[in-house]
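Undergrad: What follows is a predicted protein model with its sequence.
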Amino acid sequence: MKGMKRVTAVWIAALFVGTVSFALAEEAKHWHQVDSDLLKAFKNPMENVTMGLDLRLREVYARNFLSMNKDWGGSENYNDHHYQRIRTQWSLKWAMAEDMDLNTRLTWEFWNHCKPEKHPIPFFENQNVDFDEALFDIFNIQWRNALDMPLTLTIGRQEIILGTGWLVLDGTPADGSRTIFFDAIRAQYALTDTLSADVIYIQQYDDEEEYIKPFNHHAVQNRRHLTQKTDERGFIFYLTNKADGGQQQELYYIYKNEENSKWAKSYSSTPGQAADIHTIGGRLSGPLDKNWSYSAELAKQWGDRNGNTLQALGANTKLMYAFNDEKKNELHVGYEYLSGDDPDSSADEKFDSLWGDWPQYQRGGDLQSYIWTYEGALGEVYNLHRLGFGHSFKPHAEWKVESIYNLLWADQTNPRALGPTGNSLTNSNFRGHMLTGQATYSCCKSFRTVFLLDYFIPGNYYAVSDDAFFARVNLEWTF
């Protein structure tokens, strides 16, 4: 009964927000859109100030996605996961001068855990409603045409996505998709009409209150983390050339330093890594003709990790064919390589995904982030050969349907390593089959819905190999 009351309370709150939004929509052309005098007053409450509000409702059901073992937990059954995540974001932009803005965004996400009733992993709380905390995930000053040059400076908390986000997208992987921000200084300089350079300095802390303390912050022992239990410094130099005909060339150097956070040293039995990682790489992309297009990225890593010499390699490629028909049918084939650590070598060959620890859809929705959990940190993927085949089309102007089939292998076998829930891995390389389907409904700028289903059939790389799946529905409003 308590669980039902909690669920009811959560959805009453969500319905209340939704009802208020629809009440604002008296002038909307579409029932999802919100366009009224009241909303316009909210968006522009005073001169030089612009505000926005986002709401995301997420329903999740997953099975075996941490264990791939249907018997994990015995009668307690730790495998069935059912929960809701409700996230609201309030953004504010103040034009301080003609080319200078102050940007802020306050984010609050709370969870309602329905199943399981008990769980041994703290991240997956026992059955309850966790109202959690609110924090600023954007807080920066942006100066365009700085010093009368073709230069944009962004100083403070900000979101940064470079290229496809393969290595740089999520600065806060430990809190899932709640936030992805970096505490950074970013300079974007237009060298020519087509060539631009990004120079970025990053100073990221595991502790959320290092710069701006969240509201309703948890006790030290139980608080959330932003990183993988490390404090991080980074430097990025990124060149992008957007040439004629849609061709694009990117070249980059990335340095990342990691050391155990103060929290990890005091409270964690499994602290993060200590590392100095240098990465140099490049990406080419664009159309080959009116039907064919491509993307190819290669990155080499060297440095030191946990006292061992680091030598690693990664690649990410994709070839696409567009039918250019009424339904916008497209096919693609992709190959990705992330080197694994050779257990017979004194060096460390494991490719580090840097700030790419997020559920990359190319590998299979959200599920791929979890099936690697006991081989590394949450969201971290490595030791991989991936061959993927995909198809997308638009059955209707407001719908897009995508499907991907991935074959996954391990680059290195290591039977001494622990697999899901402490089960040993085997001497085989085949990780398994990942099937992903996604349908997106997007009628307008104000609203979209995303349906995602991942299904994983483990291969003989795992000693325990029960199928796993992850299902998610998102409803998203942007006001």
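TA: Looks like it came in fine.
Undergrad: which residue ranges form the helices in the chain?
TA: For the chain, applying DSSP state H gives helices covering 2-23, 37-43, 262-267, 361-364, 367-370.
Undergrad: Show me how far the third one is from its chain's centre.
TA: It stands for helix 262-267. 25 Å (C-alpha atoms, centre = their mean, to the nearest Å).
Undergrad: which parts of that helix are buried?
TA: Neighbour counts over helix 262-267 (16 or more other C-beta atoms under 10 Å) mark 263-264 as buried. In this view, the C-beta of every residue, glycine as well, is placed from N, C-alpha and C.
Undergrad: what's the average pLDDT for that helix?
TA: Mean pLDDT, helix 262-267: 80.
Undergrad: Now that helix - C-alpha only, PDB.
TA: Listed next in PDB are the C-alpha coordinates belonging to helix 262-267 (Å, rounded to 0.1, in the frame of the first residue of the first chain):
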ATOM      1  CA  LYS A 262      38.400  13.300  -1.200                       C
ATOM      2  CA  TRP A 263      35.200  11.400  -0.800                       C
ATOM      3  CA  ALA A 264      36.600   8.200  -2.400                       C
ATOM      4  CA  LYS A 265      39.700   8.300  -0.200                       C
ATOM      5  CA  SER A 266      37.500   8.600   2.900                       C
ATOM      6  CA  TYR A 267      34.400   6.500   2.300                       C
END
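Undergrad: which residues sit against it?
TA: With contact meaning C-beta atoms under 8 Å, 6 or more residues apart in numbering, helix 262-267 is reached by 206-207, 220-221, 223, 225, 229-231, 271-272.
Undergrad: Mind checking which of these land in strands?
TA: 230-231 (DSSP state E).
Undergrad: Please type out the PyMOL selection for whichever of the contacts of helix 262-267 turn out to be buried.
TA: To isolate the buried ones among the contacts of helix 262-267 in PyMOL, judged by 16+ other C-beta under 10 Å, type:
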select buried, resi 206+207+223+225+229+230+231+271+272
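Undergrad: count of residues packed around H81?
TA: Close neighbours of H81, defined as other C-beta atoms under 10 Å, add up to 20.
Undergrad: Give me the nearest residue to it, chain neighbours excluded.
TA: Leaving aside its sequence neighbours, H81 sits nearest to A62 (C-beta to C-beta, 6 or more residues apart in numbering; 4.4 Å).
Undergrad: bridging residues for that neighbour?
TA: With DSSP bridges applied, A62 shows beta-bridge pairing to H81, F470.
Undergrad: in the chain, which helix or strand is least confident?
TA: Among the helices and strands of the chain, helix 2-23 carries the lowest confidence by mean pLDDT, DSSP states H and E, at a mean of 42.
Undergrad: circling back: include pLDDT when you put the contacts of helix 262-267 into a markdown table, please.
TA: A markdown table is the format used below for these (pLDDT from 0 to 100):
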| residue | pLDDT |
| --- | --- |
| D206 | 91 |
| D207 | 88 |
| V220 | 64 |
| Q221 | 61 |
| R223 | 71 |
| H225 | 85 |
| K229 | 90 |
| T230 | 94 |
| D231 | 95 |
| P271 | 79 |
| G272 | 84 |
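Undergrad: which of the contacts of helix 262-267 lies closest to L38?
TA: R223 (37.7 Å; C-beta to C-beta).
Undergrad: residues contacting the closest one?
TA: 207-208, 217, 263.
Undergrad: again with S369
TA: Applying C-beta under 8 Å, 6+ apart, the residues near S369 are 357-359, 378-379, 381.
Undergrad: And the most centrally placed residue in the chain, how far from D80?
TA: By C-alpha atoms, centre = their mean, the chain has its centre lying nearest to W358, at 3.3 Å. According to C-beta to C-beta, to the nearest Å, W358 stands 25 Å off from D80.
Undergrad: Distance from stretch 430-444 to the middle of the chain?
TA: 15 Å.
Undergrad: Return the set of buried residues in it.
TA: 430-440, 442.
Undergrad: tell me which of those is nearest to L53?
TA: For these, the nearest to L53 is S442 (18.4 Å; C-beta to C-beta).
Undergrad: beta partners of the closest one?
TA: Here S442, judged by DSSP bridges, has bridge partners R448.
Undergrad: so what's it up against?
TA: Neighbours of S442 in contact, by C-beta under 8 Å, 6+ apart: 398, 400, 448-449.
Undergrad: what about stretch 370-380, distance to the chain center?
TA: 14 Å.
Undergrad: my bad, stretch 272-288
TA: For stretch 272-288, the distance to the chain centre is 17 Å (C-alpha atoms, centre = their mean).
Undergrad: same thing with stretch 136-153?
TA: On C-alpha atoms, centre = their mean, the centre of stretch 136-153 falls 25 Å from the chain's centre.
Undergrad: just stretch 258-278 next, same as before
TA: With C-alpha atoms, centre = their mean, you get 21 Å for stretch 258-278.
Undergrad: I figured P214 hits E208, correct?
TA: Yes: in this structure, P214 is within contact of E208 by C-beta atoms under 8 Å, at 5.4 Å.
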